[in-house]
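Visitor: Structure for this input, please:
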Amino acid sequence: MKSQKRRKKKNLKQVAFTRFMFVVAFFVLWMGGITVRLVHLQVTQHSWHREQSQSRRENIRKTRMLRGSIFDRNERALAISVRVKTLYADPKEVIDADKTGLAIAKALKSDAKSIIAQIKEGQASNRRYLPLAKKLDEDVVADVNRALDDPGVKKADLPNYTGLYWSEDQKRKYPYESLAAQVIGFSNSNDEGRAGIEQSQEDVLEGPVVQRLQTRDRLGRVYDETTVEREAPSDVMLTINAGLQYITDQALEEGVRASSSKSGMAVLLSVKTGEILAMSNYPTFNPNTIVESSTEHISNKAIQSVYAPGSVFKLLTYGAGLEKKLFLPEDEIDSGNGSIEVAKHRFNDSHAVGRVSYIQAMAHSSNVCAIKTGMRVGKDDFFGMIKKMGFGARTGVELPAETPGIVRSPEKWNGDSLASMSIGYEIGVTALQMASAFATIANNGVRIQPHIIKEIRPSNGGARIVTNPSKSQVVSQTTATGLRKMLRQVVLTGTGRRAQLNGYSAAGKTGTAWKVNTQTKSVDSSKYISSFIGMAPADDPEIVLAVVMDEPKGGARDGGMVSAPVFRDIAQQVLQAMNVNPDMPIKPAEGIATNISVEPAPVTRVEKPREKERESQNKTKSSKPVAGPEKLKEPRDSKDGKGGSPIRSRPERPRQTSLSADKTKLET
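Guide: Sure, this is the predicted structure:
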């Protein structure tokens, strides 16, 4: 019995010890596990947990700097960006889509069903960002905040409504609306340039994304913010003068309406600098309401549209002859009976002028005289003059989508090609190319690359980038002087008499050409391109202005009747606005402005004229002599221009040629 009791006591002690050791082992293993876990968390996963911690109290907020501005040469703002906000929802946080949608619709005065559908669709697709109202001005934002103030919600930011937030944004504004719209262009909803300077200078104007590191407390309130610096955008100053652009726009619109033209374009160049002072297209558009604009009206036809120049191209024909010293402007040339045959094709004048000086041949736009001159110049030298004057190549103007035009190499010419090109067919040009060619003659044979950017200014005060255009002497001063003398006679007694100015001399050339049917690639005798390109004052020109009308309709469709009066209206006002000293007697005349305003006021909205007002305006404009059907008086000019036998003259029209459909080489 005693041995059994001793054995029993021994077993109890063993059991207690064993249990104790199990407890010790458990705690050892437990502490060891914790130690291993802590080492794993604090050493192996230290970086990951640190990032997670920071992400919960720190966030990166991205905003885009304001896009650079566009100014005219006098620092009038043509395009600016302003701060706005976009209302967005986090569908995952929205508790009641119907209630939220109704509240938003009431605040924005919009369609509730559409907003509710967007929120529910966002919830179904687990979206976290759903923009509901983009680019709202500050006054609208304030109204929305008041309308969406929910007393039962406590938020650190506005609007005080569950699931709704504001994001910083910007909006592009164009204070002068349609003024130089094709030049300035527009930017889309993402603030990316899509036309004009906005597109070509995207890298300069683009506002970079700025990152702000924000640190928040447990309630989500920001108590610290660090900004990551980025290179600031730049502003672009154009050579455009807003006042002169306004004058050009208004006169071009009146000319297009008066002549019932399909469209019109005008380019105003500074002769001595190559700066584009105005570039106008009509019809035009308002970049503030780009969604309402026609795609056709957005393109800048002055550099993108190719057309056959017609008789204005005779500038190159006679210029090439003068450069080869084949004649002097006072020398005579015989047009015969007003008809000439080249490579079995007959070209005719509208009327025979007989034997006249080269000055008179240019003044009355004789096709025969021009063709004879071109044939004397020869294929190679004529082609050389075309290339020297910049045709067949882009001018390099700082605008997108410029076309080089159409110039075929002499190897591809047909037997009558030189004759056709001598009078402005079988070649495609732009209005800017033609204006540049005339500016070269106005500048004594020195060609200055036309440009529309004056300088680029970094908004952070960095060094300005000033445009330095290339210059080259392409024809002699003697040639340029002779051509100006011939062009002067065009305005005095020839087809361009409607371009005469009051107080200023002018020189230029009319042009009327049949258009080309793009489907048949042949001329369409029912459609015209009518133009006038001139310079003033004639002896020492300050400006060159090209006016081109596309498909004028009605009785008068030639360049002398349709485009020359528009040149007169623009040039008269421009020269006065530029304070150019008159070089001719000033004659009192009704309709000649004496005080020219060059400060078009910025506008904020467009009021469409009523139909009756529009009809009244059209009737008033059509009654002006700018495009009236009346005939020009027949001048009495002798061979030497000092009187004698009369030379019959009438409004210039497309000279009849024998160009058949298969012989029209103007490619499209």
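Visitor: residues of stretch 168-177 that come out buried?
Guide: For stretch 168-177, the neighbour count (16 or more other Cβ atoms under 10 Å) marks Asp169, Gln170, Lys171, Arg172, Lys173, Tyr174, Pro175, Tyr176, Glu177 as buried. Quick note: C-beta positions are derived from backbone N, CA and C, even for glycine.
Visitor: of those, closest to Ser259?
Guide: Glu177 (24.5 Å; Cβ to Cβ).
Visitor: Could you verify my assumption that the closest one touches Asn286?
Guide: Yes - here Glu177 reaches Asn286: they are 4.8 Å apart, a contact under Cβ atoms under 8 Å.
Visitor: May I ask which two of the buried residues of stretch 168-177 are separated the most?
Guide: Greatest spacing in these, by Cβ to Cβ: Asp169 and Tyr176 (23.3 Å).
Visitor: In terms of secondary structure, what does the helix or strand hosting Ser526 contact?
Guide: If you go by DSSP states H and E, Ser526 is part of strand 522-536. Under the contact definition 3 or more Cβ pairs under 8 Å, 6 or more residues apart in numbering; DSSP states H and E, strand 522-536 sits against helix 431-442, helix 477-492, strand 507-517, strand 543-550, helix 559-562, helix 564-577.
Visitor: Show me what the first one packs onto, helices and strands only.
Guide: The elements that helix 431-442 packs onto, with contact taken as 3+ Cβ pairs under 8 Å, 6+ apart, are strand 263-270, helix 301-304, helix 314-323, strand 446-448, helix 477-492, strand 522-536, strand 543-550.
Visitor: I'd like the mean pLDDT over the second one, please.
Guide: When the per-residue pLDDT values of helix 301-304 are averaged, the result is 98.
Visitor: which strands and helices sit next to it?
Guide: Partner elements for helix 301-304 (3+ Cβ pairs under 8 Å, 6+ apart): strand 263-270, strand 276-282, helix 431-442.
Visitor: Make JSON lines out of those and add distance to Ser357 and mean neighbour count.
Guide: Formatted as JSON lines, the helices and strands packed on helix 301-304 follow (distance: least, Cβ to Cβ, whole Å; neighbours: other Cβ atoms under 10 Å):
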{"stretch": "strand 263-270", "distance to Ser357": "29", "mean neighbour count": "26"}
{"stretch": "strand 276-282", "distance to Ser357": "34", "mean neighbour count": "28"}
{"stretch": "helix 431-442", "distance to Ser357": "19", "mean neighbour count": "28"}
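Visitor: low pLDDT regions in the stretch 451-600 of the chain?
Guide: Per-residue confidence for the stretch 451-600 of the chain (pLDDT under 70) gives these ranges: 589-599.
Visitor: 80 instead?
Guide: Applying pLDDT under 80 to the stretch 451-600 of the chain flags the ranges 460-461, 517-523, 554-556, 589-600.
Visitor: same deal with the stretch 201-350 of the chain?
Guide: 207-231.
Visitor: measure stretch 387-406 end to end?
Guide: Using Cα to Cα, to the nearest Å, one end of stretch 387-406 lies 11 Å from the other.
Visitor: Same check on stretch 502-509?
Guide: Distance between the two ends of stretch 502-509: 18 Å, counting by Cα to Cα.
Visitor: Report the buried residues of it.
Guide: Using 16+ other Cβ under 10 Å as the test for burial, stretch 502-509 gives Asn502, Gly503, Tyr504, Ser505, Ala506, Ala507, Gly508, Lys509.
Visitor: and those residues, which two are the farthest apart?
Guide: Gly503 and Lys509 (21.8 Å).
Visitor: Name the nearest residue to Glu174, ignoring sequence neighbours.
Guide: Small correction: residue 174 is Tyr, not Glu. Spatial nearest neighbour of Tyr174, excluding adjacent residues (Cβ to Cβ, 6 or more residues apart in numbering): Pro287 at 4.7 Å.
Visitor: actually Phe285, not the one I wrote
Guide: Here the residue nearest Phe285, using Cβ to Cβ, 6+ apart, is Ser293, at 3.7 Å.
Visitor: which ones are touching the one you found?
Guide: The contact partners of Ser293, by Cβ atoms under 8 Å, 6 or more residues apart in numbering, come to Phe285, Asn286, Pro287.
Visitor: out of those residues, which is most surrounded?
Guide: Greatest neighbour count in the contacts of Ser293, by other Cβ atoms under 10 Å, goes to Pro287: 28 neighbours.
Visitor: just checking, Arg194 touches Ser187?
Guide: Yes - counting by Cβ under 8 Å, Ser187 is a contact partner of Arg194 at 6.3 Å.
Visitor: out of those two, which sits in the more crowded spot?
Guide: Applying other Cβ under 10 Å to Arg194 and Ser187 shows that Ser187 carries more neighbours, namely 24 against 16.
Visitor: residue contacts, that one?
Guide: Counting by Cβ under 8 Å, 6+ apart, Ser187 touches Arg67, Arg172, Gly193, Arg194, Glu198.
Visitor: returning to that earlier point: now, among the buried residues of stretch 168-177, which is nearest to Leu492?
Guide: Closest approach to Leu492 among the buried residues of stretch 168-177 (Cβ to Cβ): Tyr176, at 37.4 Å.
Visitor: What score does that closest one have for pLDDT?
Guide: For Tyr176, the pLDDT comes out at 97.
Visitor: Is it part of a helix or strand, or is it coil?
Guide: Assigned with DSSP: H, G, I helix; E, B strand; the rest coil, Tyr176 falls in the coil class.
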